[in-house]
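K.L.:
fold the following.
(one chain, ligands or ions: 1)
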Amino acid sequence: MTATLIDGKAIAATLRASVAARAALLAYRPGLVVVLVGEDAASTVYVRNKERSATAAGFDSRTIRLATETTQAALLAVIRSLNDDEAIDGILVQLPLPGHIATDAIIRAIDPAKDVDGFHPENVAALALGNPRLVPCTPRGVMLLLAASGIQISGSRAVVLGRSNIVGRPMAGLLLTADATVTIAHSRTRDLPAECRRADILIAAVGRPAMVEGAWVRQGATVIDVGINRTAEGALIGDVDFNAVRTVAGAITPVPGGVGPMTIACLLDNTLIAAAARRAKLSGAANA
Ligand code: NAP
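P.N.:
Reported below is the predicted structural model:
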């Protein structure tokens, strides 16, 4: 068996085009601000890509670049002014932040209605209660990949490898909300291969190059590889041993070109969702 390739690049391009088409119909330009503190090389590349994609979608796209030594108080002041700016629909603070800044305090300071990363405790709680509002971009991208590929989620056994706040936990919440039976596996899980073999849908988000072997995958399962790891030669590889697993799985995402492109497309989509909800509330309040 050779697995069907889930083409994240193409699915993300379709989503970006849909976002641009919907944005063009609006009476306003959705405003997205990305705040970058410091000069982390990977973050700088991600932020540049976010800025370009948002501009291409017709958004009012701004990036605020702050020096590494920016204090927590100064960053909080920037966030407060963005919260108060009615033209801004989405605020994203690029992580990781420099060590002297408490990430939690920054995330909590973002207006939950503008929290397009879906990391604010109010948005985390909404997902945990089965009523998702703004949802983290990467797991949302995985859900859209599954939907676009016609993968049945309801009633399936899903195993999520990894329990980070950014990927694993929200991923599990979304799958549960979509009626999968969900197992979350992590570094303390006993017999990881056996847990993974139970999965109809296996999501790998661990950050360990090619960790998921062919023998860990049930024949015909769908395997989604969230991992992004750089080899010594500079190539990007996922958490899944792609060549071994593709001979067993029914469908698989490549790295690169799988989950990665969906993350930015979902950020744009989240910004539209945030804009529609917030602006409807504002105009409701003005008409009251
Ligand atoms: P993270 O915060 O480091 O979390 C990794 C998770 O994997 C943890 O829950 C950890 O378990 C678990 N883990 C680590 N080693 C393990 C092992 N040997 N066996 C079982 N579980 C293990 O990472 P993350 O932020 O979730 O990111 C995961 C991967 O996704 C990374 O490669 C990252 O670059 C990638 N990523 C991609 C995108 C994208 O757009 N495609 C976005 C975000 C992240 P414990 O909790 O027990 O420590």
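K.L.:
break this structure into its domains for me.
P.N.:
The chain breaks down into these domains under automatic domain parsing: 28-114, 137-260.
K.L.:
make CSV out of those and add mean pLDDT, mean neighbour count and distance to the ligand.
P.N.:
C-beta: built from backbone N, CA, C; applies to glycine. Formatted as CSV, those follow (pLDDT from 0 to 100; neighbours: other C-beta atoms under 10 Å; distance: least, C-beta to the nearest ligand atom, whole Å):
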stretch, mean pLDDT, mean neighbour count, distance to the ligand
domain 28-114, 97, 17, 9
domain 137-260, 98, 20, 3
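K.L.:
which one of these lies closest to residue 14?
P.N.:
domain 137-260 (7.8 Å; C-beta to C-beta).
K.L.:
span of the closest one from start to end?
P.N.:
10 Å (C-alpha to C-alpha, to the nearest Å).
K.L.:
next one: that domain to chain centre, how far?
P.N.:
Distance of domain 137-260 from its chain centroid, counting by C-alpha atoms, centre = their mean, to the nearest Å, is 14 Å.
K.L.:
check what pLDDT residue 287 gets.
P.N.:
With respect to pLDDT, residue 287 scores 81.
K.L.:
on that earlier part again, save the domains of the chain as CSV, and put in distance to residue 4 too.
P.N.:
What follows is these, written out as CSV (distance: least, C-beta to C-beta, whole Å):
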stretch, distance to residue 4
domain 28-114, 27
domain 137-260, 4
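K.L.:
out of those, which gets nearest to residue 277?
P.N.:
Across the domains of the chain, closest to residue 277 is domain 28-114 (C-beta to C-beta), at 6.6 Å.
K.L.:
re earlier: nearest to residue 10, of the domains of the chain?
P.N.:
Residue 10 sits nearest to domain 137-260 of all the domains of the chain, at 8.9 Å, using C-beta to C-beta.
K.L.:
and residue 266, what is it in contact with?
P.N.:
Contacts for residue 266 (C-beta atoms under 8 Å, 6 or more residues apart in numbering) come out as 15, 137, 138, 140, 141, 144.
K.L.:
again with residue 218
P.N.:
197, 198, 199, 200, 248.
K.L.:
6 Å instead, please
P.N.:
Going by C-beta atoms under 6 Å, 6 or more residues apart in numbering, residue 218 touches residue 197.
K.L.:
that one and residue 202: what is the separation?
P.N.:
To residue 202, residue 218 is 8 Å away according to C-beta to C-beta, to the nearest Å.
K.L.:
strands of the stretch 101-250 of the chain, start to end?
P.N.:
For the stretch 101-250 of the chain, the strands defined by DSSP state E, counting those that start in this stretch cover 157-161, 181-185, 201-204, 222-225, 229-230, 236-237.
K.L.:
strand partners (parallel or antiparallel) of the first one?
P.N.:
Which is strand 157-161. Strand 157-161 pairs in its sheet with strand 181-185 (parallel), strand 201-204 (parallel), by DSSP bridges.
K.L.:
what's the closest of these to residue 42?
P.N.:
Closest approach to residue 42 among the strands paired with strand 157-161 is made by strand 201-204 (19.6 Å; C-beta to C-beta).
K.L.:
contacting residues around that closest one?
P.N.:
By C-beta under 6 Å, 6+ apart, the residues outside strand 201-204 that reach it are 156, 158-161, 171, 196, 212, 221-225, 227, 239-240.
K.L.:
what's near enough to touch the residue nearest to residue 167 when sequence neighbours are not counted?
P.N.:
Spatial nearest neighbour of residue 167, excluding adjacent residues (C-beta to C-beta, 6 or more residues apart in numbering): residue 205 at 4.1 Å. Listed by C-beta under 6 Å, 6+ apart, the contact set of residue 205 reads 162, 167, 168, 226.
K.L.:
so where do the helices sit in the protein?
P.N.:
8-24, 41-56, 72-84, 103-109, 121-128, 137-148, 168-177, 192-197, 242-245, 260-287 (DSSP state H).
K.L.:
would you reformat the ones you listed as CSV and include distance to residue 90?
P.N.:
Written out in CSV, the entries for those read as follows (distance: least, C-beta to C-beta, whole Å):
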stretch, distance to residue 90
helix 8-24, 12
helix 41-56, 9
helix 72-84, 9
helix 103-109, 14
helix 121-128, 12
helix 137-148, 11
helix 168-177, 17
helix 192-197, 35
helix 242-245, 33
helix 260-287, 4
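K.L.:
wait, which of those is closest to residue 115?
P.N.:
Closest to residue 115 of these is helix 121-128 (C-beta to C-beta; 5.5 Å).
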